[in-house]
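1. Sequence and predicted structure are below.
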Protein chains: 2
Amino acid sequence: MNNKEKLRNAGLRPTKQRMIVADILLNGLNRHFTAEDLQDEINSSGNSMSIATVYNCLKKFKNCGLIKQVETSKDTAIFDTNTDYHHHFLNEETGELIDIENEEVSLHKLPEIPQGYLNNGIEVIIKLKRDN
Amino acid sequence: MNNKEKLRNAGLRPTKQRMIVADILLNGLNRHFTAEDLQDEINSSGNSMSIATVYNCLKKFKNCGLIKQVETSKDTAIFDTNTDYHHHFLNEETGELIDIENEEVSLHKLPEIPQGYLNNGIEVIIKLKRDN
DNA sequence: ATTTTACTTTAAAACCGTTCTAAACTACTT
DNA sequence: AAGTAGTTTAGAACGGTTTTAAAGTAAAAT
């Protein structure tokens, strides 16, 4: 399926700007990035896009499940092209995130979900510090 | 140990402002709160404190391990008086966090820690959605 | 006790990531 | 081709957090 079809399937109008973003993000490679990272990459590829559009686009992509946003307490939002169920190492000094495949973690015992709620996804964050 | 001693032990000068904050936060009760929540509580207790001091104070308390900051992608920083190793339910709609005691979760299998790093804490976030 | 020194508090400004505004533009429908 | 609904944009606005620099305070030195 090409990117135009992916966008249509997700209910998004395949505009020029969204196609530029899709070409960068939806190529099967997993990556973590901020809105600014993406804008820089767009700019350095000879295109350009207003930061408002970058944010609009990321929000739409996220709401459609084409990308994810990672849970971190950093001051900038981190997005992830890996939409599979998975976890992260977090280097707290640098903010760097590294994927952990779902199969590499198994949760043996889980708490009871509070009344009236459903489990809507589990994220495991393993914080790293340098070994010296 | 009283709050003044707690501050001194943590290497912090027990100023009037830090004592006000300590009296609110270090009473053994677990709570999640933002900087603004704390300032409101200070104000409504008849004291007052500039927001810069609230932030300075929270940063110091955090660096000394008197409180923790929770990993969430929300736009405001969430602090936690529970410094024990523990986990969270996150209601993504409201941003509400609920503690999960460490004993209620067991991780059976863990990924290999990358070369040159040490495991510096694991946080499990169970995202909740309303069941309707 | 007084002075000195280093640290702390403060209001206000600055900062920075993100969202809003409203006008111009573009994809799709008729 | 015309209409309309959705999209992009620059720039302003917003909101949480940090910085600035001056005034204040705790602890150390005298």
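-> Nice, I can see it. Numbers count the residues shown, from 1 in each chain, chains lettered A, B, ... in the order given.
2. if I pick the closest residue in space to residue A:108 that isn't next to it in sequence, what's in contact with it?
-> Take residue A:108 and drop its neighbours on the chain: the residue closest to it by C-beta to C-beta, 6 or more residues apart in numbering or on different chains is residue B:108, 3.6 Å away. No exception for glycine: its C-beta is placed from N, CA and C like everyone else's. By C-beta atoms under 8 Å, 6 or more residues apart in numbering or on different chains, the residues touching residue B:108 are A:106-108.
3. Give me the average confidence score over the longest helix along chain A.
-> Determined from DSSP state H, the single longest helix within chain A is helix A:51-63. Here helix A:51-63 scores 97 as its mean pLDDT.
4. quick one on the thing from earlier: give me the secondary structure label for the residue nearest to residue A:108.
-> In terms of secondary structure, residue B:108 is strand; the call rests on DSSP: H, G, I helix; E, B strand; the rest coil.
5. Now do the helices in chain A.
-> A:3-9, A:16-25, A:35-44, A:51-63.
6. which stretch among those comes nearest chain B?
-> Among the helices of chain A, helix A:51-63 comes nearest to chain B, with 10.9 Å by C-beta to the nearest C-beta.
7. Check what contacts that closest one and list those residues.
-> Residues outside helix A:51-63 that contact it (C-beta under 8 Å, 6+ apart) are A:10, A:12, A:17-18, A:21, A:25, A:35-36, A:38-39, A:42, A:49, A:67-69, A:77, A:79.
8. Show me just the buried residues among these.
-> A:10, A:12, A:17-18, A:21, A:25, A:35, A:38-39, A:42, A:49, A:67-68, A:77, A:79 (16 or more other C-beta atoms under 10 Å in any protein chain shown).
9. Among the residues you listed, which one sits closest to residue B:130?
-> residue A:68 (20.6 Å; C-beta to C-beta).
10. what is the residue nearest to the closest one when sequence neighbours are not counted paired to in the beta sheet?
-> In this structure, residue A:68 finds its nearest non-sequential neighbour in residue A:80, 4.6 Å apart by C-beta to C-beta, 6+ apart. With DSSP bridges applied, residue A:80 shows beta-bridge pairing to residue A:32, residue A:68.
11. Would you mind confirming that residue A:80 makes contact with residue A:25?
-> No: Residue A:80 lies out of contact with residue A:25 (C-beta atoms under 8 Å); the separation is 10.0 Å.
12. Please enumerate the shared neighbours of the two.
-> A:31, A:67.
13. roughly how far apart are residue A:92 and DNA strand C?
-> Residue A:92 sits at a distance of 18 Å from DNA strand C (criterion: C-beta to the nearest atom of the strand, to the nearest Å).
14. Tell me, how many residues neighbour that residue?
-> By other C-beta atoms under 10 Å in any protein chain shown, 17 other residues sit near residue A:92.
15. Then residue A:131?
-> By other C-beta under 10 Å, 12 other residues sit near residue A:131.
16. repeat for residue A:127
-> Neighbours of residue A:127 (other C-beta under 10 Å): 17.
17. in the sheet, who's paired with it?
-> Beta-bridge pairing for residue A:127 (DSSP bridges): residue A:90.
18. Please verify my assumption that it contacts residue B:118.
-> No: here residue A:127 lies out of contact with residue B:118, judged by C-beta under 8 Å, at a distance of 9.6 Å.
19. Considering the contacts of residue B:108, which is situated nearest to DNA strand C?
-> Nearest to DNA strand C out of these is residue A:107 (C-beta to the nearest atom of the strand; 29.1 Å).
20. Tell me which residue is most central in chain A.
-> Central residue of chain A (C-alpha atoms, centre = their mean): residue A:80, 1.9 Å from the mean position.
21. give me every residue that touches that residue.
-> Neighbouring residues of residue A:80 by C-beta under 8 Å, 6+ apart: A:30-32, A:67-70, A:97, A:99.
22. Include distance to DNA strand C when you put these into JSON lines, please.
-> Shown next, in JSON lines, are the contacts of residue A:80 (distance: C-beta to the nearest atom of the strand, whole Å):
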{"residue": "A:30", "distance to DNA strand C": "20"}
{"residue": "A:31", "distance to DNA strand C": "16"}
{"residue": "A:32", "distance to DNA strand C": "13"}
{"residue": "A:67", "distance to DNA strand C": "14"}
{"residue": "A:68", "distance to DNA strand C": "14"}
{"residue": "A:69", "distance to DNA strand C": "9"}
{"residue": "A:70", "distance to DNA strand C": "11"}
{"residue": "A:97", "distance to DNA strand C": "14"}
{"residue": "A:99", "distance to DNA strand C": "20"}
